[in-house]
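Novice: What follows is a protein structure lacking sequence information:
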């Protein structure tokens, strides 16, 4: 009768009286004491799971879904490295492009069989048509990209994830992880690397309206935008759910309870202050990266650019410029022209294979891949696209910086840097010209505000150094102990 109700397997246990039947409990019922009525007597029985499930839950296995650009994936691989160093079995699921990052970190990596080319193909439409540069249009394109990789990602995750795992996911794959939470009882931690968590505070949430707007309207807009971002992976979650339904009873237990879900705000309170109206399941920790230990590339041209009386500024646009050859060529022309007008040396990255490193002009040097942790403290100013990782490295370097934003959270980071006083106001990359860039180059190097930007940037860097005392590993270990205590 109990089995017909779908309550699980029935085990027999010999007792002082007739046989006592103990139902296989949910994972959350470990060591939970229940009272069973047998005949005229009440017997207290300690209910335990079977050996297989107990071993799975005690294995502390962590699966990390790392889908996105390099700025999204690198922090997740760093989290995996720190979990591995703590003795936790960890595996990362991601695109082909980032296997080398995982190999360098010594992390187990499972590729879904696709590359970032699929995202670049979708992103080209954002920069080709002016009407597609709005936030909602970008979310729509992001949803289409996730739909194109959904089948491969769903198949890989179903092969990797099992009961008892701890699943770390980014915002883009939140819905996908929720399916495993409901069907396999895994615990989920959503890692947020920017001001995405809904709040009425403009300093803590990129979706919040200015403070002069009514509070209810600010909260409603932030929550609505947050839900739109989470729903972008709905197509993948449907594919995962269909594949999980095909599981046999041996692969999927009937007695699955929903796991718990937390949001890890892995971002510095200096950049994104803790909001009083954040959800109760939010835990704020430090951005998962080592800001020290940058490697000197030993490139003579860089030494020449940095050694001299002429100020030197780094100007780069990250993976945004790689989405379109036309956009990258236009940005390079504007940067070189602005450097010549301001008579300031600029170091620009080579965004494509056909652009070779070397001196482009008297004031412009194109370089290959260089560790930002080493380069940023050497220059007099930084102009970048506003990715979460680049923004944090720039703040930690103590160098004045400003942002040329294109999409998503980049404008929020630019506004926050201006509010912190470490650099000029941000400018939209789609409308960037040599005149606007010249003003920002001079403001950080030779203008009357350069000294103020430099002093403020150094003070913020000292605050971050104090904030990161003890390292990010302690944050992760604290989180993992919290996970372990809830499982037990």
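Specialist: Structure received. Since this is a predicted model, take the numbers as computed values, not measurements. Residues are numbered from 1 along each chain as shown.
Novice: From here on, just use CA atoms for contacts and neighbour counts.
Specialist: Noted.
Novice: now the longest helix along the chain, how far from the chain's geometric center?
Specialist: With secondary structure taken from DSSP state H, the chain has its longest helix at helix 135-160. Centroid displacement of helix 135-160 relative to its chain, using Cα atoms, centre = their mean, to the nearest Å, is 16 Å.
Novice: Not counting its neighbours along the chain, what's nearest residue 272?
Specialist: The spatial neighbour of residue 272 that comes closest, neighbours along the chain excluded (Cα to Cα, 6 or more residues apart in numbering), is residue 204 at 4.9 Å.
Novice: mind checking the SS state of the one you found?
Specialist: With DSSP: H, G, I helix; E, B strand; the rest coil as the basis, residue 204 sits in coil.
Novice: So what's the residue count around it?
Specialist: The tally of other residues near residue 204 (other Cα atoms under 10 Å) stands at 24.
Novice: same question, residue 283
Specialist: A total of 17 residues lie near residue 283 under the criterion other Cα under 10 Å.
Novice: Before we go further, it is sitting in a strand, right?
Specialist: Yes. According to three-state DSSP, the state of residue 283 is that of a strand.
Novice: Give the bridge partners for the closest residue in space to it that isn't next to it in sequence, please.
Specialist: If you skip the residues right next to it in sequence, residue 283 has residue 264 as its closest partner in space, 4.9 Å away by Cα to Cα, 6+ apart. Beta-bridge partners recorded for residue 264 (DSSP bridges): residue 191, residue 283.
Novice: which ones are touching residue 264?
Specialist: Residues in contact with residue 264, defined by Cα atoms under 8 Å, 6 or more residues apart in numbering, are 189-192, 282-285.
Novice: re the thing from before, OK, contacts around the residue nearest to residue 272?
Specialist: Shown here is residue 204, whose contacts under the criterion Cα under 8 Å, 6+ apart are 195, 197, 272-275.
Novice: repeat that with 10 Å
Specialist: Residue 204 is in contact with 194-198, 269, 271-276, 278, 412, 416, counting by Cα atoms under 10 Å, 6 or more residues apart in numbering.
Novice: State whether residue 332 and residue 315 are indeed in contact, as I suppose.
Specialist: Yes. Because the distance of 9.5 Å satisfies Cα atoms under 10 Å, residue 332 is recorded as touching residue 315.
Novice: Quick check: neighbours shared by those two?
Specialist: Counting by Cα under 10 Å, 6+ apart, the shared contacts of residue 332 and residue 315 are 348-349, 364, 366.
Novice: Between the residues you listed, which sits nearest residue 144?
Specialist: Using Cα to Cα, residue 349 comes nearest to residue 144 of the shared contacts of residue 332 and residue 315, at 29.3 Å.
Novice: List the residues that contact that closest one.
Specialist: Each residue near residue 349 by Cα under 10 Å, 6+ apart is listed here: 314-318, 332, 355-357, 365-370.
Novice: Going by distance to residue 232, which of these wins?
Specialist: If you rank these by distance to residue 232 using Cα to Cα, residue 318 comes first, at 23.2 Å.
Novice: Okay, the nearest residue to the closest one once chain neighbours are set aside and residue 317: tell me how far apart.
Specialist: The spatially closest residue to residue 318, leaving aside those adjacent along the chain, is residue 385, at 6.3 Å (Cα to Cα, 6+ apart). Here residue 385 is placed at a distance of 5 Å from residue 317 (Cα to Cα, to the nearest Å).
Novice: More neighbours: which of those two?
Specialist: In this comparison of residue 385 against residue 317, neighbours counted by other Cα under 10 Å, the higher total goes to residue 385 at 28 against 23.
Novice: Hmm, that one is touching residue 432, no?
Specialist: No. Here residue 385 lies out of contact with residue 432, judged by Cα under 10 Å, at a distance of 11.7 Å.
Novice: Return the set of buried residues in the helix or strand containing residue 419.
Specialist: Assignment of secondary structure by DSSP states H and E places residue 419 within helix 410-420. Neighbour counts over helix 410-420 (16 or more other Cα atoms under 10 Å) mark 410-418, 420 as buried.
Novice: Against which helices or strands is it packed?
Specialist: With contacts defined as 3 or more Cα pairs under 10 Å, 6 or more residues apart in numbering; DSSP states H and E, helix 410-420 has these neighbours: helix 388-397, strand 401-405, strand 427-428, helix 450-467.
Novice: what's the first-to-last distance across stretch 151-171?
Specialist: End-to-end span of stretch 151-171 (Cα to Cα): 18 Å.
Novice: Mind listing what's buried along it?
Specialist: Buried-residue list, stretch 151-171, by 16+ other Cα under 10 Å: 151-157, 161-171.
Novice: Cross-check the contact I'm expecting between residue 229 and residue 143.
Specialist: Yes. Checked against Cα under 10 Å, the pair residue 229 and residue 143 is within contact range at 8.9 Å.
Novice: Give the residues shared as contacts by the two.
Specialist: residue 172.
Novice: ok, residue 216 to residue 275 distance?
Specialist: Distance from residue 216 to residue 275, by Cα to Cα: 16 Å.
Novice: show me where the stretch 201-350 of the chain has strands.
Specialist: For the stretch 201-350 of the chain, applying DSSP state E, counting those that start in this stretch gives strands covering 261-266, 282-285, 312-315, 345-349.
Novice: Share the number of residues neighbouring residue 276, please.
Specialist: Neighbours of residue 276 (other Cα under 10 Å): 11.
Novice: give the contact list for it.
Specialist: Contacts of residue 276 by Cα under 10 Å, 6+ apart are 199-201, 204.
Novice: just the buried members of the residues you listed?
Specialist: With burial judged by 16+ other Cα under 10 Å, the buried subset of those is 199-201, 204.
Novice: Would you mind finding the most buried of the helices and strands packed on helix 410-420?
Specialist: Mean neighbour counts were taken over the helices and strands packed on helix 410-420 using mean count of other Cα atoms under 10 Å, and the top value, a mean of 29, falls to strand 401-405.
Novice: So what are the sheet partners of that one and their directions?
Specialist: Based on DSSP bridges, the pairing partners of strand 401-405 within the sheet are strand 381-384 (parallel), strand 427-428 (parallel).
Novice: Past the last one, which element shows up next along the chain?
Specialist: This means strand 427-428. The first helix or strand that comes after strand 427-428 along the chain, using DSSP H and E, is helix 434-445.
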